[in-house]
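S.K.: Give me coordinates for this.
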Amino acid sequence: QNANVPALTATGSGLLWYPTVNGGTGSAIAPTPSTATIGSASYYVAQSIGGCEGPRSTINVVVVPNPIVNAGGPLLYMYEGQPLTLNGSVSASGISFIWLPISNSSTLHPVVNPNTDITYTLQALSAGGCPGSDTVRVVVLKTLYIPNVFSPNGDNINDTWVIPDIANYPGITVDIFNRYGQLLLRSTGYSTPWDGKYQGKDLPVGTYFYIINTGGRRNKTLSGSISIIR
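M.R.: I've put the predicted structure just below:
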């Protein structure tokens, strides 16, 4: 299905091609079968020599479906160092498959543990030799290093509370409180690092507290303190 195929060929001279077994006008141009639709179609060809035309021969073309392949994506997240099981599937039995770049994978559900982001490809081949493939992107969520101090004094050095790799955590929420439990900041995604202000005004030097919820299927809550110094 959907394969690029050449025009039909036959042995002989003065070939005439027909869409039906009887009648019609022959064409010297060989037809190119359509592969858009699953099923079978018949084409007919005859040899013409000196104005005499022989019987028509039949060419049957069968278009078989490609295997439906699902690599379980398109996007999966995993924490660094925690193995992840891929959830692949194919449309029918009797289909051979392989995961790339996994070596010698004989299961649709291999366990992977990459160190960095990677794309896996599930390739399948039907009994009739028709291919299919699908990919899944695995994003490795690095262990968050959360600094416990920053100095918003305007010298452009450590002026904001930057948390490396936090952008890789979709749906993360960050809440910051003062010592009395007052909520100073609530951020979803944490696209803008905290600058040590509340309602546009600098907060005093001291210790504040955070609760971070990483969200997603692998939900984790982190908490601790953060100090402002100047």
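
S.K.: residues touching S105, list them.
M.R.: Applying CB atoms under 8 Å, 6 or more residues apart in numbering to S105 gives the contacts 98-99. To be clear about C-beta, it is placed using only N, CA and C from the backbone, and glycine gets the same treatment.

S.K.: Spatially nearest residue to Y169 (excluding sequence neighbours)?
M.R.: Once flanking residues are discounted, Y169 sits nearest to T214: 5.1 Å by CB to CB, 6 or more residues apart in numbering.

S.K.: Pretty sure the one you found sits against I166.
M.R.: No: T214 is beyond contact range of I166, at 9.1 Å (criterion: CB atoms under 8 Å).

S.K.: Identify the contacts common to those two.
M.R.: When CB under 8 Å, 6+ apart defines a contact, the residues bordering T214 and I166 alike are 144, 172.

S.K.: how far away is N213 from Q123?
M.R.: Distance from N213 to Q123, counting by CB to CB, to the nearest Å: 38 Å.

S.K.: Helix or strand with the lowest mean pLDDT in the protein?
M.R.: Within the chain, confidence by mean pLDDT, DSSP states H and E is lowest for strand 75-79 among all helices and strands, at a mean of 89.

S.K.: after that strand comes which helix or strand?
M.R.: Using DSSP states H and E, the next helix or strand after strand 75-79 towards the C-terminus is strand 84-85.

S.K.: what's the average pLDDT for that following strand?
M.R.: Strand 84-85 shows a mean pLDDT of 94.

S.K.: That strand pairs with which strands, and in what direction?
M.R.: Strands flanking strand 84-85 in the sheet, each with its direction: strand 111-112 (antiparallel) (DSSP bridges).

S.K.: Also compute the angle for the helix or strand following the strand it pairs with relative to strand 75-79, please.
M.R.: Next helix or strand after strand 111-112 toward the C-terminus (DSSP H and E): strand 118-125. Compare the direction of strand 118-125 with that of strand 75-79 by axes from the mean of the first three to the mean of the last three CA atoms, to 10 degrees and you get 130 degrees.

S.K.: For the helix or strand just after strand 118-125, output the C-alpha coordinates as PDB.
M.R.: Later in the chain than strand 118-125, the nearest helix or strand by DSSP H and E is strand 131-141. The C-alpha coordinates for strand 131-141 follow below in PDB (Å, rounded to 0.1, in the frame of the first residue of the first chain):
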ATOM      1  CA  PRO A 131       7.000  -2.200   5.900                       C
ATOM      2  CA  GLY A 132       5.700   0.100   8.600                       C
ATOM      3  CA  SER A 133       7.300   2.200  11.300                       C
ATOM      4  CA  ASP A 134       6.700   4.600  14.100                       C
ATOM      5  CA  THR A 135       8.800   6.600  16.500                       C
ATOM      6  CA  VAL A 136       8.700   7.700  20.100                       C
ATOM      7  CA  ARG A 137      10.800  10.400  21.600                       C
ATOM      8  CA  VAL A 138      12.100   9.700  25.200                       C
ATOM      9  CA  VAL A 139      13.000  12.800  27.200                       C
ATOM     10  CA  VAL A 140      15.300  12.000  30.200                       C
ATOM     11  CA  LEU A 141      14.400  14.200  33.100                       C
END
